[in-house]
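Undergrad: Sequence isn't available, so here's the structure alone:
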């Protein structure tokens, strides 16, 4: 046997060994990839749908489109718990309808208010009271955007796994999500600052 023929046989044997190794690896990797994709779809889809629904309901209340309109006449405020070293103020008072009828004598609201002030609120079914104004609108709109993005990511993961689409989740997906969160946080921070200054 010549050295040329031996080299050819050796190359052929190497290609065959590499082919068998990749088939063996694929046999173990495919179920793992499917399981990862299923978990990713379940987590992003469920979280996205729940967050979108909840934030949409609260955004509608903050815009004044759902719930019972009213005013909370603040009697007292106190710091009740801290969340990541930030005090949360809980205000108690009378919840009155816009016509002045008493709805709740001892209503509780997490808000930055002072005793003696009046806070415009919407009493939402199943979730409680929500303050009205730009601060609440921007906060809930940001969460709604994140929920829609998460639900859409779940759909894209499913379509990408079935190979029926031209898009896939690339590195820019995370960048776009982070930019949307940063923009929402910036606008929210500015509205909080404006409320405290003016």
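TA: It's in. Since the structure is predicted, the reported quantities are computational estimates derived from the model, not experimental observations. Numbers count the residues shown, from 1 in each chain.
Undergrad: which stretches of this structure form strands?
TA: 68-83, 86-97, 102-110, 118-124, 128-131 (DSSP state E).
Undergrad: Kindly compare burial across these and name the winner.
TA: Ranked by mean neighbour count, the strands of the chain are led by strand 128-131 with a mean of 20 (mean count of other CB atoms under 10 Å). Every residue, glycine included, has its C-beta placed from N, CA and C.
Undergrad: And that one, what does it pack against?
TA: Packing contacts for strand 128-131, counted by 3 or more CB pairs under 8 Å, 6 or more residues apart in numbering; DSSP states H and E, involve helix 3-62, strand 102-110, strand 118-124.
Undergrad: nearest to residue 186, of these?
TA: With distances scored as CB to CB, the stretch of the helices and strands packed on strand 128-131 nearest to residue 186 is helix 3-62 (18.1 Å).
Undergrad: measure residue 70 to residue 99 for me?
TA: As judged by CB to CB, to the nearest Å, residue 70 and residue 99 stand 9 Å apart.
Undergrad: Pass me the low-pLDDT residue ranges in the chain, would you?
TA: The model of the chain has pLDDT under 70 over residues 1-2, 24-31, 82-85, 159-174, 192, 195-198.
Undergrad: tally of neighbours for residue 13?
TA: The criterion is other CB atoms under 10 Å. On that basis, residue 13 has 10 neighbouring residues.
Undergrad: give the contact list for residue 147.
TA: With contacts taken as CB atoms under 8 Å, 6 or more residues apart in numbering, residue 147 has the following neighbours: 47-56.
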